[in-house]
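Novice: curious how this folds, go ahead:
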Amino acid sequence: MDKKKVNISSRNMVMAGFLVAISIVMTRFVYVMLPIAGVGALRISFGEVPLMISGIMFGPLLGALAGVAADIVGFLINPQGPYYPGFTLSSALWGVIPGLFIIYFRKNKTSKNIFSYKNMLITSIFTTVVVSILLNTLWNSQLYGVGFFILLPARLIVSLISIPIYAFIISYLMKFIKQYIN
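Specialist: Below you'll find the model as predicted:
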């Protein structure tokens, strides 16, 4: 059985650490909180983008570790409610899913530029639907005792706006940082 060796170099860990720091700042300090049904259930920020980039650049494993680190350290620095492990899982998935999509795009050679807007749009749609629309809505519903379908419409509206923005930002930034990918 041929097993691929996972290469987590210190250089990649340091770069992922920078992305974690950027994510923490963008998530915990540069955001807008919208109350829904009397609870702060919808935070609008772009803190997910650095986590997605870490998964794209360094693979799903380091993307997951970056997501977990960003959530836990961010919570310790600036808690915005009780700690809930579901959000740590969600944060990890912001790094894992894009990493898996890049592996798929590389393997299947879907286009000459794997970081094209189209590929990043597909990645952003899938990641946002799974993490933000489904899981985070479920976590907020459980945490605050508000119905899932009460929280869902606002998340859908914000996601429709954020998905193309995520795709544009990531595809644009990857033009400049793809030289650092192994």
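Novice: OK, contacts around the most centrally placed residue in the chain?
Specialist: Nearest to the geometric centre of the chain sits Trp94, at 2.7 Å (CA atoms, centre = their mean). The contact partners of Trp94, taken as CB atoms under 8 Å, 6 or more residues apart in numbering, are Glu48, Leu51, Met52, Gly55, Gly63, Gly67, Thr127, Val131. Where you see a C-beta, it was placed from the backbone N, CA and C, and this is true even at glycine.
Novice: closest one of these to Gln80?
Specialist: Glu48 (15.5 Å; CB to CB).
Novice: show me the contacts for that closest one.
Specialist: Contact partners of Glu48, counting by CB under 8 Å, 6+ apart, are Ser23, Thr27, Trp94, Thr127, Val131, Ser132, Tyr166.
Novice: neighbours of Lys118, how many?
Specialist: Neighbour count for Lys118, taken as other CB atoms under 10 Å: 12.
Novice: quick check: closest non-adjacent residue to it.
Specialist: Nearest non-adjacent residue to Lys118, counting by CB to CB, 6 or more residues apart in numbering: Ser111, 7.0 Å away.
Novice: how about that neighbour, phi and psi?
Specialist: Dihedral pair for Ser111: phi -160, psi 170, per degrees, to the nearest 10.
Novice: ok, then the element right after the lowest-mean-pLDDT helix or strand in the chain?
Specialist: In the chain, no helix or strand scores lower on mean pLDDT, DSSP states H and E than strand 39-44, which sits at a mean of 66. Downstream of strand 39-44, the next assigned helix or strand under DSSP states H and E is helix 48-58.
Novice: now that next one - C-alpha only, PDB.
Specialist: Extracted C-alpha coordinates of helix 48-58, given in PDB (Å, rounded to 0.1, in the frame of the first residue of the first chain):
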ATOM      1  CA  GLU A  48     -13.000  32.700   6.700                       C
ATOM      2  CA  VAL A  49     -11.000  33.700   3.700                       C
ATOM      3  CA  PRO A  50      -7.500  33.200   5.400                       C
ATOM      4  CA  LEU A  51      -8.600  29.800   6.600                       C
ATOM      5  CA  MET A  52      -9.700  28.900   3.100                       C
ATOM      6  CA  ILE A  53      -6.400  30.100   1.700                       C
ATOM      7  CA  SER A  54      -4.500  28.000   4.300                       C
ATOM      8  CA  GLY A  55      -6.400  24.900   3.100                       C
ATOM      9  CA  ILE A  56      -5.700  25.800  -0.500                       C
ATOM     10  CA  MET A  57      -2.000  26.500   0.100                       C
ATOM     11  CA  PHE A  58      -1.100  23.800   2.600                       C
END
